[in-house]
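Novice: Need coordinates for the below:
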Amino acid sequence: MPQSASHRLMVGILLLASSCLFGRYTAAVSDDFARGASPEIALEATAAKVEQWRIRLENRPGGAIAVSSDRGAAWERVGTVAHPATAVNEMGYTASKWAADGSVAATAVNAVHIKVRHNTAKDRGVVFSILPRIPSESHVGGQTTTSVGIDTDVAAGTGIFGSLAPVVGNPVYLETAIHGPVGHPVSFGESSRNSTMKMGPAGSWGPPEQAAPATTGGPTGRIFEAYGQLTPLPRDHIPDVGDVFVIVVERSIRPPLSAVFENKFGGIVYLEYLDGQRRAVGAVLRPVLGVGRFPGTAYAAVGRIRANHCGVIDISTSPYGEVGGFQIVPKGHAGSPETHYVRTETQWMVIGPLNALDPSWEGVPPFFSSFLGPYFSSKDLTAGDWLDRYLGRVRVDVRLNGGPWERMPAYSLDPRAALPAGARTALGKVTHIRIHFPLRL
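Specialist: Presented below is the predicted three-dimensional model:
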């Protein structure tokens, strides 16, 4: 049989089986479905969280982007704002509606989306974005400046779009300026791009050894720290020049070691822990067989997370600078009118709870909130804090034809050309997929 014919036969069998099995989970194309944690993932959905670091952005041209790993006592500048946001997008992507108000709705190598509130009339999230620097000569196109995005000079796939990225569900705060002891506004220093400063006793600037720890409140309360008073992002807020946004990056105190997906119809989804525990938590309703042209994968290496939001895990199969990947989506979102292609193409795995009557997992930990991000850098193992960086990585490996675990096979596509026939069955030998969760605390 010619190769093209065999490809068509395999795809046809997949789509036929999908209509039989997946159909019982998604009886109608609709966004109206039950959503929440099934009993098997209740532990992950309710796990206590601990602050890992904070991201602070001054929404003005030349504004500092800084990160603190000690609750705001010391800050390291990691970038600069090139163009501020001055508006919101009232019609965010479908999955943004499942994020909590005033939180990170999506994290990726090429964007961080913030949900301000829910647009009830249109049933969409109201969002604005934080965007990396993407060269205009990039083969996937340069960054377009809009009023709903904070453009930065941080390269895609690095810094706050890489190893310092937030996770879905992290709270976002608006900082209210305070005044220092001599009456001048406390502001991040402009003299050094990589400066680190701490607030000393009695509110004066002092060397690190004199720094006083910040005082923090709960996620729904106010937080007081070196720069000012932080309050939850107001639901009616529209970004304005001069705003200061702070994202508190929190993660579970007990993350899984890994998640294993049996890549077949009716396959089991397992969570594995450091203590050897292995729990069946879900089912594969439709396996992934193909590779697609997801543009952001150009900024993520093979076997890395490109993006995570309330309705997707996007995984790269292409080397940095090239395009190729696949996605894992929850059963409800797979039945959305916006994602009709999930039901007709092969580049998506669909997962859900073990019990078909349990709610779908949109916006629910550990797969679609709170745990995953684009954490990886090629410089991790040569850095001074290499162990911390290594434990903070997220990576994906596979088993081919039931064999031993190995690296994700590389598969790239030309973003300008028609999808080749082989792309729809590029992952045909993948029988298991494993996501390694970040362990850094």
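Novice: what distance separates stretch 285-293 from the centre of its chain?
Specialist: 20 Å (Cα atoms, centre = their mean, to the nearest Å).
Novice: Can you list the neighbours in contact with it?
Specialist: With Cβ atoms under 8 Å, 6 or more residues apart in numbering as the test, stretch 285-293 has contacts from 10-11, 14, 18, 21-22, 25, 263-265, 267, 317, 323-328, 331, 334, 345-352, 411, 413, 415, 419, 423-428, 430, 433. No exception for glycine: its C-beta is placed from N, CA and C like everyone else's.
Novice: can we see that at 7 Å?
Specialist: By Cβ atoms under 7 Å, 6 or more residues apart in numbering, the list of residues contacting stretch 285-293 from outside reads 14, 18, 21-22, 25, 263-265, 267, 317, 323-326, 331, 345-352, 411, 413, 415, 419, 423-428.
Novice: Could you list the low-pLDDT ranges of the chain?
Specialist: Low-confidence segments of the chain (pLDDT under 70): 1-31, 136-144, 177-227, 376-393, 440-441.
Novice: so where do the helices sit in it?
Specialist: Ranges of helices in the chain, per DSSP state H, are 3-21, 42-45, 331-334, 386-391.
Novice: thinking again about what came up before, pull out the buried residues from the contacts of stretch 285-293.
Specialist: 14, 18, 21-22, 25, 263, 265, 267, 317, 323-326, 331, 345-352, 411, 413, 415, 423-428 (16 or more other Cβ atoms under 10 Å).
Novice: Return the subset of the residues you listed lying in strands.
Specialist: Among the buried ones among the contacts of stretch 285-293, the members falling in strands (DSSP state E) are 267, 325-326, 348-352.
Novice: does the nearest residue to Pro420 once chain neighbours are set aside have beta-bridge partners, and which?
Specialist: Distances taken as Cβ to Cβ, 6 or more residues apart in numbering place Leu413 nearest to Pro420, at 7.3 Å, with adjacent residues excluded. According to DSSP bridges, the partner residues bridging Leu413 are Val323.
Novice: Could you verify my assumption that Leu413 touches Val323?
Specialist: Yes. In this structure, Leu413 is within contact of Val323 by Cβ atoms under 7 Å, at 5.5 Å.
Novice: how far away is the closest residue to Arg254 other than its chain neighbours from Ala37?
Specialist: Ranked by Cβ to Cβ, 6+ apart and with sequence neighbours excluded, the top spatial neighbour of Arg254 is Ala47, at 5.6 Å. Distance, Ala47 to Ala37, by Cβ to Cβ, to the nearest Å: 11 Å.
Novice: now Gly72
Specialist: Counting by Cβ to Cβ - Gly72 and Ala37 are separated by 31 Å.
Novice: Those two: which has the busier surroundings?
Specialist: Gly72 (28 against 19; other Cβ atoms under 10 Å).
Novice: Could you report the neighbour count for Leu271?
Specialist: Leu271 has 23 neighbours, counted by other Cβ under 10 Å.
Novice: dump the residue contacts of the residue nearest to it when sequence neighbours are not counted.
Specialist: Leaving aside its chain neighbours, Leu271 sits nearest to Pro256 (4.5 Å; criterion: Cβ to Cβ, 6+ apart). Taking Cβ under 7 Å, 6+ apart, we find Pro256 in contact with 271-273, 366, 437.
Novice: Kindly reformat these as a markdown table containing distance to Trp405.
Specialist: Shown next, in a markdown table, are the contacts of Pro256 (distance: Cβ to Cβ, whole Å):
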| residue | distance to Trp405 |
| --- | --- |
| Leu271 | 16 |
| Glu272 | 12 |
| Tyr273 | 17 |
| Pro366 | 20 |
| Phe437 | 15 |
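Novice: Point out the ones among those that are inside strands.
Specialist: 271-272.
Novice: Can you flag the buried ones in the contacts of Pro256?
Specialist: For the contacts of Pro256, a burial check counting by 16+ other Cβ under 10 Å picks out 271-272, 366, 437.
Novice: For Leu131, which non-adjacent residue is spatially closest?
Specialist: Using Cβ to Cβ, 6+ apart and skipping residues adjacent in sequence, the residue nearest Leu131 is Gly149, 4.7 Å away.
Novice: from memory the one you found sits against Ser129, does it?
Specialist: Yes. Using Cβ under 7 Å, Gly149 is in contact with Ser129, at 4.4 Å.
Novice: Please tell me how far the closest residue to Met349 other than its chain neighbours sits from Gly102.
Specialist: Among residues not flanking Met349 along the chain, Val288 sits closest, at 3.9 Å (Cβ to Cβ, 6+ apart). Distance, Val288 to Gly102, by Cβ to Cβ: 33 Å.
Novice: Comparing these two, which residue is more hemmed in?
Specialist: Of the pair Val288 and Gly102, Val288 is the one with more neighbours under other Cβ under 10 Å, namely 25 against 20.
Novice: From Gly296, how far off is the more buried one?
Specialist: Distance, Val288 to Gly296, by Cβ to Cβ: 18 Å.
Novice: Can you get me the start-to-end distance on stretch 71-87?
Specialist: Terminal residues of stretch 71-87 lie 29 Å apart, using Cα to Cα, to the nearest Å.
Novice: how far out from the middle of the chain is it?
Specialist: In terms of Cα atoms, centre = their mean, the centre of stretch 71-87 is set 19 Å apart from its chain centre.
Novice: do the same with stretch 427-441
Specialist: With Cα atoms, centre = their mean, you get 16 Å for stretch 427-441.
Novice: List the contacts of the residue lying closest to Ala87 once chain neighbours are set aside.
Specialist: Excluding the flanking residues, the one nearest Ala87 by Cβ to Cβ, 6+ apart is Ser147, at 4.0 Å. The contact partners of Ser147, taken as Cβ under 7 Å, 6+ apart, are 85-87.
Novice: Also Ile313?
Specialist: So Ile313 contacts 305, 327-328, 367, 372 (Cβ under 7 Å, 6+ apart).
Novice: Domain parsing of this structure, as residue ranges.
Specialist: The chain breaks down by automatic domain parsing into domains covering 3-45+254-436, 51-252.
Novice: Span of the last one from start to end?
Specialist: Which is domain 51-252. Termini of domain 51-252 sit 9 Å apart (Cα to Cα).
Novice: cool, and stretch 233-249?
Specialist: 15 Å.
Novice: and that stretch, which residues are buried?
Specialist: In stretch 233-249, counting by 16+ other Cβ under 10 Å, buried: 233, 237, 239, 243-249.
Novice: Repeat that for stretch 313-321.
Specialist: Across stretch 313-321, burial judged by 16+ other Cβ under 10 Å covers 313-318, 320.
Novice: which residues touch Val364?
Specialist: The neighbourhood of Val364, defined by Cβ under 7 Å, 6+ apart, consists of 36-37, 41, 45.
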